[in-house]
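1. What follows is a predicted structure for the sequence shown.
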Number of protein chains: 2
Amino acid sequence: MARHAGVSITTVSHSLNGKGVVAKATRQRVIEVAAELGYSADAIARGLRSNRLGLLGLVIRPLDTLGSYQPEGVDYFLRFAGAAAVEALDCGYGLVLMRDPTAGNAPGIALAADGFIISDPLAGDPVIDLLTRNAIPLVAVGRDVERPDFTAWLGGGTLRNVDSVIAHLHERGAKRIALVTGTDANSWNADSENSYREWAAENNQTPIVYNQDERLGEEGGREIADELLASDAPLPDAIYCLTGRHAAGIQAGLQAAGYRIPDDVMIVAGSDSEQTRNSTPPITSVDLAPEATAKAAVAYLVALLEADEDDQPSPPEIQYDIRDRASTRRG
Amino acid sequence: MARHAGVSITTVSHSLNGKGVVAKATRQRVIEVAAELGYSADAIARGLRSNRLGLLGLVIRPLDTLGSYQPEGVDYFLRFAGAAAVEALDCGYGLVLMRDPTAGNAPGIALAADGFIISDPLAGDPVIDLLTRNAIPLVAVGRDVERPDFTAWLGGGTLRNVDSVIAHLHERGAKRIALVTGTDANSWNADSENSYREWAAENNQTPIVYNQDERLGEEGGREIADELLASDAPLPDAIYCLTGRHAAGIQAGLQAAGYRIPDDVMIVAGSDSEQTRNSTPPITSVDLAPEATAKAAVAYLVALLEADEDDQPSPPEIQYDIRDRASTRRG
DNA sequence: CTAGTCGACCAAAACGTTTTGGGGGAGATA
DNA sequence: TATCTCCCCCAAAACGTTTTGGTCGACTAG
């Protein structure tokens, strides 16, 4: 390239990057020759020099525990990943979806990313340890419940979801509201349960809480339905179920036992999915806005990467809406 | 690192990579020290030296023309991308989802990938030109109809899908079968139409073909329904519609006009999606097996990358199944 | 004792950039 | 003519590996 343009390597670099002092005519010529040759600086060499590759890593922790990256009917995460990839491109970065990079078999490229997004970190997440140790910036979606000092996370609105869902159910006439969470040690489960228990305490309600393994899917929901039916306590008249597949399973289980949704029991899912949209009746759900969240997370991470040391950006807020469907619409 | 272990940089490299001649004890010690320090070779520097980053690029051409990477109800591509990312990880690579890298605003990392997967290349696709010019290996899903010499592609089974769908419809009693394709210049549209016309010629049928822009989604399907109804020719008794959203729209349009599915008209979609699964009635669809295809594509690309010059692997075959649903189940 | 062989290790080059610290020539000033 | 100043431009270092082509002893064979 330098030879073709008849200048030094230095001048090529300066010309193409708009740095240094180069005569206008020279710069122009270098740019033309580069275009002609289809030349552009090698990203790897540039990365070695600058220690920035233009690559973001995305680790979706729930998929690590689910074991499968293609779980039936869990579209939240794929939509999240897709939107994150697109937003990254718009910011001039590539995005690589990774599994737990502490797991040994991680690809070499893992730690070469400029920054990471960790979706739903576990309590005391070792991935955060690893990245922190290697001084790689990261942004989390959901907080690490054992790491109160770590503040670069977004999605705190999940806490308020509990309140809005309960308000929604009250409005529709519910008196006894149960909560079903997953068992992953993330803030989505933990904070929702805490928030629910606070509400119960404040309102002199006996809390009704079930925790069910996310991996069991709809079948796990049916199990919860069975437990509810077998319980001595009277059936709740509304159930807030964090994962959509559990919700669909609970609905099917209760219907199989002769109960009507929503007339006998109302159901709300904490996460919209294909099942909640297409069950009979369709299930009212919180739209966790995977696209908007992914976009915000990437933008936040990029801002973090490109910010000066002194004026760090602060995490954006995400707005969640309730998709009001027939499972909470009585008579 | 070399200092900590008391050996030269060379010996560290040799020890960790199992190359060169190093005394067993020394190698062992180096490995221990590395583990202790959490050291592993910098992927960028290694990449510079070896010109291989351990990164694969994925370009999904239909999403470039759709303009949106989050199209409503098109889950094929996200599932494809997710599965590809996972398979890449299993092969020790990272995978980056990219937009058209010829579009100028491509991230610098674009051409640093070791190899590319191009899903549904357009006719004479400039992306293939770019990669070929830069000597970057690539694998396509679907062929470039203007590039018969390019053989590193898979998914040729889409051709046979036309035959199996027609056979399916015949078996269910269809006599006049229409075809609706998209308008993208890819082999999925082109080859399906050719194959359909061949069948029509061989069977003395007047071909009934509509081409509709993929971007119009369900609304585009309704338009086709209107055209069918406005046509002088009698309504076909079966419609093979390549994209799932068009199929759902056609079904809705015909139903709105008072026709019954499947009794008056049967409908088959060439691509399974949330709409085809959840329409009323559910629409019989070809399961394009995005996960299996993605997995095969990645494995093929990796084999290509890691093969010797002399024994290149050949593309795998994908099996497609028809999901038999109520839209083709009469009586 | 000398030459040859082999095992263990290492110095230095190379990969393609960016950045630093000049260098050289042309024009201006004395 | 000699010196000073700019303005352009460039050589060389550095980034952290891998790989090449050794060197240095110790041991063996003649």
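-> Perfect, thanks for sending it.
2. Check for me that residue A:139 belongs to a strand.
-> Yes: counting by DSSP: H, G, I helix; E, B strand; the rest coil, residue A:139 is found in a strand.
3. Give the full set of residues in contact with the residue nearest to the spatial centre of chain A.
-> Taking CA atoms, centre = their mean, the centroid of chain A lies closest to residue A:119, which sits 4.4 Å from it. By CB atoms under 8 Å, 6 or more residues apart in numbering or on different chains, residue A:119 lies in contact with A:58-62, A:77, A:80, A:140-142, A:297. C-betas here are computed from N, CA, C, even on glycine.
4. between those residues, which is nearest chain B?
-> Of all these, chain B sits closest to residue A:77, with 8.0 Å by CB to the nearest CB.
5. Give me the three-state assignment for the closest one.
-> helix.
6. ok, now which ones touch the residue of the stretch 151-300 of chain A found nearest DNA strand C?
-> Residue nearest to DNA strand C within the stretch 151-300 of chain A: residue A:298 (23.7 Å; CB to the nearest atom of the strand). Contacts were defined as CB under 8 Å, 6+ apart; by that measure residue A:298 touches A:56, A:84, A:87-88, A:91, A:93, A:95, A:117.
7. Can you list which of those residues are found in helices?
-> A:84, A:87-88 (DSSP state H).
8. With distance to residue B:113, neighbour count and pLDDT as extra columns, can I get the residues you listed in a markdown table?
-> Below are these laid out as a markdown table (distance: CB to CB, whole Å; neighbours: other CB atoms under 10 Å in any protein chain shown; pLDDT from 0 to 100):
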| residue | distance to residue B:113 | neighbour count | pLDDT |
| --- | --- | --- | --- |
| A:84 | 18 | 28 | 96 |
| A:87 | 19 | 22 | 94 |
| A:88 | 15 | 29 | 95 |
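9. Closest one of those to chain B?
-> Of those, the one sitting nearest to chain B (CB to the nearest CB) turns out to be residue A:88, at 7.9 Å.
10. DNA strand C contacts on the stretch 1-150 of chain A?
-> A:1, A:9-10, A:12-14, A:16-17, A:19-20, A:39, A:41-42, A:45-46, A:48-50 (CB under 7 Å from any atom of the strand).
11. I'd like to know which of those are part of helices.
-> Counting by DSSP H, those contribute A:9-10, A:12-14, A:16-17, A:45-46, A:48-50 to helices.
12. Among those, which pair sits farthest apart?
-> Pairwise distances across those (CB to CB) peak at 18.9 Å, for the pair A:14 and A:48.
13. For the closest residue to DNA strand D within the stretch 201-331 of chain A, grab phi and psi.
-> Here the stretch 201-331 of chain A gets closest to DNA strand D at one residue, residue A:305, 18.3 Å apart by CB to the nearest atom of the strand. Main-chain torsions, residue A:305, degrees, to the nearest 10: phi -70, psi -40.
14. how close does it get to residue A:236?
-> 46 Å (CB to CB, to the nearest Å).
15. re the thing from before, intersect the ones in helices among the contacts of residue A:298 with the contacts of chain B.
-> Counting by CB under 8 Å from any CB of the partner chain, residue A:88 from the ones in helices among the contacts of residue A:298 sit close to chain B.
16. Flag every buried residue along stretch A:230-240.
-> Neighbour-count burial for stretch A:230-240, counted by 16 or more other CB atoms under 10 Å in any protein chain shown, picks out A:235-240.
17. Over to stretch A:323-331?
-> A:325, A:327-328.
18. so, in contact with chain B or not, that stretch?
-> No: under the criterion of CB under 8 Å from any CB, chain B is not reached by stretch A:323-331; the shortest gap measures 13.6 Å.
19. Flag the shaky bits of chain A, pLDDT-wise.
-> A:68-73, A:310 (pLDDT under 70).
20. Next, please give the residue ranges for the helices of the stretch 51-200 of chain A.
-> A:61-66, A:75-90, A:126-133, A:158-171, A:187-202 (DSSP state H, counting those that start in this stretch).
21. Out of the ones you listed, the one nearest DNA strand D is which?
-> Among the helices of the stretch 51-200 of chain A, the nearest to DNA strand D by CB to the nearest atom of the strand is helix A:126-133 (15.1 Å).
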